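> have a look; sequence and predicted model below, questions after that.
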Amino acid sequence: MPDIKLVKEAQKTIAQIKQFQATSTDKLANMDRQIADLEQAQKKMQIAAAKPKAIEFAGDHVFKKYIKADGSIRLNNEKKKLQIANEGLFETQIDGFLTPDKPANEWHAKLCKLNQERNWVKMVTRGSSSPATTRKIAKHLETAPREIKDQLKKAFYDDGASGADGGAWFHSEFRNDIYQTAQVPMNIRAQIPVQTMQGNTLIVPRMARSGAPFIGGKVTSDNNNALARASTVETQQKTVSIKPLKVRYVFDENALEESSLALLSIMSKEIVTDLEAGWEDAFFNSCLGTHIDAISTWSPRGRWPTATLGGADDHRRMWNGMRARAFSSSLANSAGVPSSSALATTADMLGRISVMGESGVGEMMICVSPEVMIKHLVANSDLLSISSFGDRATLLQGQVFELFGHPVFTSRYLTSDLHSSGKFTGSGTTSSMMFINRSSFYQFQQNNAITVRQSENIDVGSVSLVASMKTMVDSLDADSTKNVALLYNLDS
């Protein structure tokens with residue numbers, strides 16, 4: 001159930017934009033303000049429809065699985081080799097008490113959180129003393145469940161509270177559960193289903209041609225007239241390889257424990273925000289091989305530092321994004337010569353949907369730039385806003401509009417600086433809109449979607465934190481499937 005208050009606030013903002021477009025003689029006046037208002041309304045709808053990730057507890061009975069044969073407790077993940085008859089030797093990973101897939105209960109979850117805070121302090125301060133967080137853990141251990149209390153206190157006081165790095169209680173890597181409150185996917189990423197992978201490569205079988213039904217024969221004698229006609233089935237396979245999307249931060253090594261803890265809340269959200277932004281930019285604008293855009297000079301809306309643009313490690317080389325797919329499949333079409341009076345027509349938009357065939361129905365979404373939304377769609381009678389949905393309508397996260405029965409989303413990474421060819425060349429003032437069958441694409445990612453690791457540079461006295469999200473966007477459809485289309489050359 002969406003947050004009704006936020007929905008009403010977003011409805012009011014959208015109604016004001018539509019009123020301005022319907023009555024103003026200069027519909028492009030204060031365009032920056034209109035775009036800002038639109039983005040604010042969409043952000044409210046994202047929050048209103050977001051479903052925070054709930055912590056699932058495994059139950060107290062799992063405590064015993066962390067006790068090793070010698071009576072000590074396994075604090076961290078460990079590798080274990082399994083010999084299986086007729087299949088050979090396999091290596092698997094078993095989770096530790098401080099790094100569980102699911103905490104046993106609330107007490108266990110709080111201990112893991114406290115230890116993550118202590119790890120953060122030690123990472124930022126190069127392993128310096130952390131008395132405040134250490135005292136919090138010691139106090140929490142006094143209320144530990146009876147069956148593991150002795151083992152935990154022994155592990156902490158014999159190892160965790162001593163030594164320069166805190167022993168086995170200190171990890172130089174964060175699991176992504178520290179970012180649970182900030183890791184709810186926003187806007188576009190929330191619409192693409194997730195497929196979890198254990199390794200870096202996944203081979204997926206798929207049908208190239210399946211069976212065909214026929215009318216069954218009738219038995220009239222002891223012959224084969226009643227045998228069903230055979231079908232020749234063909235199979236293919238799709239190989240998906242994920243890549244790390246990384247962001248790096250540098251801190252002064254002289255940070256204090258108090259300032260480190262204050263920084264934790266800020267950085268946990270900043271890390272996710274930066275990775276989310278890189279993912280969404282790549283979703284639309286990434287391209288393998290020779291890039292369709294001049295990305296060495298392209299920073300969408302000034303989001304990325306110019307020094308990072310265009311290299312081999314540019315995040316817009318992660319996979320084939322939606323725009324590149326549309327161009328390579330000849331499913332990109334110009335809306336005509338842009339001018340101040342040339343708006344996207346219903347024929348233009350339905351034409352792009354129709355070329356997708358059966359992919360143009362069902363779970364399709366329409367993605368546009370803020371400029372296209374304001375100039376081309378807000379005044380379109382076919383566009384329904386949240387004011388028409390009703391307060392309790394079922395909405396996708398971040399959805400503000402609906403067009404031809406399909407949800408419409410705006411993205412700042414669909415820009416208004418494109419050439420009339422629909423590509424970024426360094427000159428141009430046009431924009432675009434995309435039609436995407438969201439059930440055709442998956443986010444392939446590993447369980448530990450976001451990790452943060454530390455490295456030190458003693459020469460300059462700094463600590464580097466590198467956040468990494470292993471991910472890939474790909475489709476399991478046949479290569480000939482028309483699952484994305486593009487309408488470009490729209491005046492902005």
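Okay, I see it.
> quick one: the helices in the stretch 301-450 of the chain?
Taking DSSP state H, counting those that start in this stretch as the criterion, the stretch 301-450 of the chain contains helices spanning 322-328, 346-355, 370-372, 386-389.
> which strands and helices sit next to the third one?
The contact analysis (3 or more Cβ pairs under 8 Å, 6 or more residues apart in numbering; DSSP states H and E) places helix 370-372 against helix 31-49, strand 430-437. Any C-beta I mention is one placed from the backbone N, CA and C, and that applies to glycine too.
> please work out the average pLDDT along it.
Mean per-residue pLDDT for helix 370-372: 90.
> just the first one next, same as before
For helix 322-328, the per-residue pLDDT values average out at 95.
> if we can go back for a sec, ranking the helices and strands packed on helix 370-372 by mean pLDDT, which is last?
helix 31-49 (a mean of 70).
> just name the most buried of the helices and strands packed on helix 370-372.
Of the helices and strands packed on helix 370-372, the one with the most neighbours on average (mean count of other Cβ atoms under 10 Å) is strand 430-437, at a mean of 26.
> what's that one packed up against?
helix 322-328, helix 346-355, strand 364-368, helix 370-372, strand 484-491.
> extract the CA atoms of it and return them as CSV.
Taking C-alpha atoms only, strand 430-437 is exported to CSV below (Å, rounded to 0.1, in the frame of the first residue of the first chain):
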residue,chain,number,x,y,z
THR,A,430,17.1,16.7,-29.2
SER,A,431,16.0,13.9,-26.8
SER,A,432,14.3,10.5,-27.0
MET,A,433,11.9,8.1,-25.5
MET,A,434,12.3,4.3,-25.0
PHE,A,435,9.9,1.4,-25.1
ILE,A,436,11.2,-1.6,-23.1
ASN,A,437,9.7,-5.0,-22.3
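> that older thread, redo the helices and strands packed on helix 370-372 as JSON lines? Include distance to Asp479.
Formatted as JSON lines, those follow (distance: least, Cβ to Cβ, whole Å):
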{"stretch": "helix 31-49", "distance to Asp479": "33"}
{"stretch": "strand 430-437", "distance to Asp479": "15"}
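> closest to Lys269 out of these?
helix 31-49 (13.5 Å; Cβ to Cβ).
> what pairs with the helix or strand following that closest one, parallel or antiparallel?
Sequence-wise, the next helix or strand downstream of helix 31-49 (DSSP states H and E) is strand 78-84. Using DSSP bridges, the strands paired with strand 78-84 are strand 88-94 (antiparallel).
> please compute how far the partner strand lies from its chain's middle.
Chain-centre distance of strand 88-94: 30 Å, with Cα atoms, centre = their mean, to the nearest Å.
> local confidence estimate at Arg175?
For Arg175, pLDDT reads 49.
> again with the one 10 residues further on
pLDDT, the model's per-residue confidence, is 54 for Pro185.
> repeat that for Asn224.
For Asn224, the pLDDT comes out at 56.
> to Leu89, which of the helices and strands packed on strand 430-437 lies closest?
Among those, the nearest to Leu89 by Cβ to Cβ is helix 322-328 (41.4 Å).
> tally up the residues packed near Pro346, please.
Rather than Pro, residue 346 is Thr. 12 (other Cβ atoms under 10 Å).
> now do the one 4 residues further on
Close neighbours of Leu350, defined as other Cβ under 10 Å, add up to 13.
> ok, and the closest non-adjacent residue to it?
By the measure of Cβ to Cβ, 6 or more residues apart in numbering, the closest residue to Leu350 outside its immediate chain neighbours is Phe404, 7.1 Å from it.
> correct me if wrong: that neighbour contacts Asp382.
Yes: between Phe404 and Asp382 there is a contact under Cβ atoms under 8 Å: 6.3 Å.
> so what's Asn333 up against?
Taking Cβ atoms under 8 Å, 6 or more residues apart in numbering as the criterion, Asn333 is in contact with Asp348, Gly351, Arg352, Val355, Ala485, Leu486, Leu487, Tyr488.
> emit the PyMOL select command for whichever of those are buried.
PyMOL command restricting these to the buried ones, with burial defined by 16 or more other Cβ atoms under 10 Å:
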select buried, resi 348+352+355+485+486+487+488
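> which residue ranges make up each domain of this protein?
The chain breaks down by automatic domain parsing into domains covering 60-173, 244-369+411-491.
> out of those domains, flag the one nearest Gln34.
So among the domains of the chain, domain 244-369+411-491 is nearest, using Cβ to Cβ, at 12.6 Å.
> as a markdown table, the domains of the chain with distance to Ile188 would be great.
Listed next are the domains of the chain as a markdown table, based on distance: least, Cβ to Cβ, whole Å:
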| stretch | distance to Ile188 |
| --- | --- |
| domain 60-173 | 28 |
| domain 244-369+411-491 | 5 |
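> please consider this matter closed, and thank you.
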